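1. I'll drop the sequence and a predicted model, then ask my questions.
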Amino acid sequence: MARLRHERRKNDSPPTRPLGAHDPVRLGPHRLLGRLGSGGMGTVYLGRSRFGRLVAVKAVHPELADEPEFRARFAWEVGALRRVRGPFVPRFVGADPQAEMPWLATAYVPGPTLRGQVKGVGRLLGGALTGVATGVAAALADIHRAGVVHSDLKPSNVVLSPGGPRILDFGIARTLDGTVYTRTGGVMGTPGWIAPERLRGAPATAASDVFAWGQLTAYAATGRNPFGRGNPEALTQRVLRGEADLTGIPEELVVPVRAALVEPPGYRPSPAQILHLLRTGGGTTGTGRATVPAARAGWSAERDPGRSPWLGR
């Protein structure tokens, strides 16, 4: 029991690094507590809102804040997040893309990323795997319903929270009406996680997100990208040739994953149709929306507070 109490306290403390000498101490109304991570575009801080709630605050790197391209990209992310509402996307809290250091804040989501979980613990099993497949499909349904395409769905952009998966990072999102923030110099995205039509020069669509759902679900089930490993050129060629390896995926997920990975975008199911295929586990309502309990099926943080709900056993 003492061990469980210790693990609960440890899990309640978000993993952060101390603020550096050049980090801000506040962004907007949020007091910053530490660094959660950093990437090519900006830094994500753990903060506390004026109401005492934990928030994740993303800020553009100071050296990029004066670049119109990066400000435009950041403004697109803010706009996309404002439009999306759903239980599997972090709640939008606030933003100021015009600030000296542009920032946006969402509710803090505790838990490892799917990539971190698979690398550190192993592939997902049982209800944990079903929960990721269902929750991510439900998130895409909500994202697309809001008229947004995510465009960068991958294991490092999915957090496995105690209440189900959450999709993060709308940094290269676009709208379904065809409006999109673009960058000169080719396709934006992560090599090996880009749909074949985008590699051929077509814009990202809802079907591109569905292709990424198929890859992500296969990765969660097997611990590997279905198109293998290697340099970006080799991965790109396998994606273009449709050489997905689905060995090891549970039988009940093979049909929706294979359907999501077909090459012609028009033949892929919608997120609502994917949820219908998963319905035998109680994954949808009559409207095709996934219920929160359905996406939590198979694990419960309350059942064993000292145990990760994502072990799938």
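-> On my side now, so go ahead.
2. for the residue nearest to Leu124 when sequence neighbours are not counted, helix, strand, or coil?
-> Counting by CB to CB, 6 or more residues apart in numbering, Leu124 lies nearest to Ala220, which is 4.7 Å off, once chain neighbours are set aside. C-beta here means a position set from N, CA and C on the backbone, and glycine is covered the same way. Following DSSP: H, G, I helix; E, B strand; the rest coil, the label given to Ala220 is helix.
3. Which pLDDT value goes with Ala220?
-> Here, the pLDDT recorded for Ala220 equals 97.
4. What is the neighbour count of it?
-> Close neighbours of Ala220, defined as other CB atoms under 10 Å, add up to 30.
5. ditto for Thr130
-> 28.
6. now do the one 5 residues further on
-> Taking other CB under 10 Å as the criterion, the count of residues near Gly135 is 28.
7. List the contacts of Arg50.
-> 29-30 (CB atoms under 8 Å, 6 or more residues apart in numbering).
8. That one: which element?
-> According to DSSP states H and E, Arg50 maps onto no helix or strand at all.
9. next one: phi and psi at it?
-> phi -60, psi -20 (degrees, to the nearest 10).
10. just for the stretch 1-150 of the chain, where's the confidence low?
-> Judged by pLDDT under 70, the stretch 1-150 of the chain has its weakly predicted residues at 1-13, 40.
11. Relative to Asn157, how far out is Gly116?
-> To Asn157, Gly116 is 12 Å away according to CB to CB, to the nearest Å.
12. Could you do Asp169 as well?
-> When distance is defined by CB to CB, Asp169 is 5 Å away from Asn157.
13. Same check on Gly20?
-> On the measure of CB to CB, Gly20 and Asn157 end up 25 Å apart.
14. quick one, which of those two is more surrounded?
-> Just comparing Gly20 and Asn157: by other CB under 10 Å the higher neighbour count belongs to Asn157, 21 against 8.
15. Touching, the more buried one and Thr113? I think so.
-> Yes - judged on CB atoms under 8 Å, Asn157 makes contact with Thr113 at a distance of 7.4 Å.
16. List the residues that are in contact with both of the two.
-> Contacts common to Asn157 and Thr113, judged by CB under 8 Å, 6+ apart, are absent.
17. for this protein, longest helix please?
-> For the chain, the helix with the greatest residue count under DSSP state H is helix 126-145.
18. which ones are touching Gly37?
-> Counting by CB under 8 Å, 6+ apart, Gly37 touches 43-44.
19. Bridged to it, which residues?
-> Per DSSP bridges, the residues bridged to Gly37 are Val44.
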